[in-house]
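# quick one: sequence and predicted model below, then my questions.
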Amino acid sequence: MKGRPIKYTAAELSFLKQNEKTPRPKLTRIFNEKFNRNLKTDTIKAKCLRMGLKTGRTGCFEKGRESWNKGTKGLTGHHPNSRKNQFKKGHKPANVHGLGHERLTKDGYIMICVDQVNPHTGAPRHYVLKHKWIWEKANGPIPPKHILKFVDGDKSNCNLENLMLIPMSKNALLNRNEMGRVTGEMLKTALIITDIKSAANQRTNQLKNQQEQTNVRSKTRK
């Protein structure tokens, strides 16, 4: 339920109109003192708004008005140690790193900053997958439809001898046979098993095709 409306005398209304440019907190204070009232700033502000009274302030800097901190370059800051925390000339942000800097992706792979032009931004350096970069330095670009596997399963071990190039199709067979996570010598064994199974499947398909062709020829002769 709304409260009872506040009544104002003609003198009070005239006073508000005469002092419409006065900031509302100050206007409230002198209004209460003059007329022995106990009104809140929001109440006076609302009344002035209904009367169409404005302070004339827009909230924007006026043309020719100087900013509060003009001439105080490097001197502002309330804390006595604020100067110590300000950037100095030549200072580089903490997130700017040089060549060779490494970072970890959310998937556990290592990215390394290398001296190569970023194909997306044109920057003189960018981050690439470390294991891929090391392998390609030694062997050239990774062939199409091939991937690199970590022999020991450790994504942080980017030594060349720990990287194995395999076709995507063979990796798919490993996963299909629930051997995608095997490591070390077991990985090499799993690849051999995969090759044997793949060769056996190919031979089975060849025999099946030959049998179908034989059946077709037999039916044709009859």
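Perfect, I can see it now. Here the structure is a predicted model, which means the values were calculated and not measured.

# can you list the domains in the protein?
Taking automatic domain parsing as the reference, the chain has its domains at 10-50, 98-141, 145-222.

# for the lowest-mean-pLDDT helix or strand in the chain, which residues meet the burial criterion?
For the chain, scoring each helix and strand by mean pLDDT, DSSP states H and E identifies helix 184-221 as the least confident one, at a mean of 79. Counting neighbours by 16 or more other C-beta atoms under 10 Å, one finds that the buried residues in helix 184-221 are 187, 190-191, 194. Any C-beta I mention is one placed from the backbone N, CA and C, and that applies to glycine too.

# quick one: that helix to chain centroid distance?
Between the mean C-alpha location of helix 184-221 and the chain-wide mean there is a distance of 49 Å, by C-alpha atoms, centre = their mean, to the nearest Å.

# and that helix, what does it pack onto?
In terms of contact count using 3 or more C-beta pairs under 8 Å, 6 or more residues apart in numbering; DSSP states H and E, helix 184-221 is assigned the packing partners helix 168-176.

# ok now the helix it packs on, how far from the chain's centre?
Centre to centre, stretch against its chain (C-alpha atoms, centre = their mean), the figure for helix 168-176 is 32 Å.

# what residues of that helix count as buried?
Neighbour-count burial for helix 168-176, counted by 16+ other C-beta under 10 Å, picks out 170-171, 173-174.

# mind giving me the packing neighbours of that helix?
strand 146-150, helix 184-221.

# and the longest one with strand 146-150, angle?
Between helix 184-221 and strand 146-150, the angle formed by their directions is 150 degrees, by axes from the mean of the first three to the mean of the last three C-alpha atoms, to 10 degrees.

# quick one: helix 184-221 to helix 168-176, angle?
Computed by the same axes, to 10 degrees, the angle between helix 184-221 and helix 168-176 is 100 degrees.

# in terms of mean pLDDT, which of the domains of the chain ranks lowest?
Ranked by mean pLDDT, those bottom out at domain 145-222, with a mean of 83.

# strands of the chain, residue ranges please.
Taking DSSP state E as the test, the strands found in the chain are 102-104, 110-114, 126-129, 146-150, 163-167.

# those strands: which one's closest to residue 183?
Relative to residue 183, the nearest member of the strands of the chain by C-beta to C-beta is strand 146-150, separated by 7.6 Å.

# how about that closest one: buried residues?
148-150.

# helices or strands up against that strand?
Where contact means 3+ C-beta pairs under 8 Å, 6+ apart, strand 146-150 is packed against helix 130-139, strand 163-167, helix 168-176.

# what would these look like in CSV with distance to residue 156?
As requested, these are exported to CSV (distance: least, C-beta to C-beta, whole Å):
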stretch, distance to residue 156
helix 130-139, 9
strand 163-167, 12
helix 168-176, 20
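
# what sits up against stretch 146-161?
Here stretch 146-161 makes contact (C-beta atoms under 8 Å, 6 or more residues apart in numbering) with 107-110, 130-132, 134-135, 138, 142, 162-168, 171, 181, 183-184, 187.

# can you do 7 Å?
For stretch 146-161, the external contacting residues (C-beta atoms under 7 Å, 6 or more residues apart in numbering) are 108-110, 130-132, 134-135, 138, 142, 162-168, 171, 183-184, 187.

# relative to residue 124, which of the helices and strands packed on strand 146-150 is closest?
Counting by C-beta to C-beta, residue 124 lies closest to helix 130-139 out of the helices and strands packed on strand 146-150; the figure is 16.1 Å.
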